[in-house]
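Asker: give me a 3D structure for the following:
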Amino acid sequence: QVQLVESGGGLVQAGDSLRLSCAASGRTFSNYAMAWFRQPPGKERELVATISWSGFWNYYVDSVKGRFTISRDNAKNTLYLQMNSLKPEDTAVYYCAADRFVRRTVVTNPQDFGSWGQGTQVTVSS
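Answerer: Numbering: from 1, shown residues only. Reported below is the predicted structural model:
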């Protein structure tokens with residue numbers, strides 16, 4: 001398994017930006033597609049964005065397109081989520097996750113992710 005630790009969450013105002021980081025250790029980070037999920041208060045966990053093992057392919061849910069950018073630095077074993085123009089509805093615990101299988105492109109099914117971080121809280125005030 002890949003061990004994952006998120007950081008960068010916090011309390012911000014609507015319209016502000018945050019960058020989340022996810023540090024990976026264990027198995028070779030660069031072999032795995034990665035994703036960010038979030039769980040708003042009282043709601044189910046939902047996919048936010050995914051990125052292929054190479055970083056060439058990515059996918060975003062409609063609600064964050066144009067505002068969020070997922071990226072990875074395989075040399076630093078780190079996944080990022082740049083969040084701009086934040087809205088109160090972006091308030092959630094954000095989790096990074098690693099694919100169970102190696103070298104896949106776009107992975108969106110939560111059940112395909114075998115390693116998860118502990119989460120980092122993002123709160124956006126209006």
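Asker: how many neighbours does Trp57 have?
Answerer: By other C-beta atoms under 10 Å, the residues close to Trp57 number 14. C-beta: built from backbone N, CA, C; applies to glycine.
Asker: so what's it closest to, chain neighbours aside?
Answerer: Leaving aside its chain neighbours, Trp57 sits nearest to Thr105 (4.5 Å; criterion: C-beta to C-beta, 6 or more residues apart in numbering).
Asker: swap in Gln121?
Answerer: Nearest residue to Gln121, sequence neighbours excluded (C-beta to C-beta, 6+ apart): Gly9, at 4.8 Å.
Asker: now do Ser25
Answerer: Excluding the flanking residues, the one nearest Ser25 by C-beta to C-beta, 6+ apart is Gln3, at 4.8 Å.
Asker: check Phe101 too.
Answerer: Leaving aside its chain neighbours, Phe101 sits nearest to Asp112 (7.3 Å; criterion: C-beta to C-beta, 6+ apart).
Asker: wait, isn't the one you found in contact with Asp99?
Answerer: Yes: contact between Asp112 and Asp99 holds when scored by C-beta atoms under 8 Å: they sit 6.0 Å apart.
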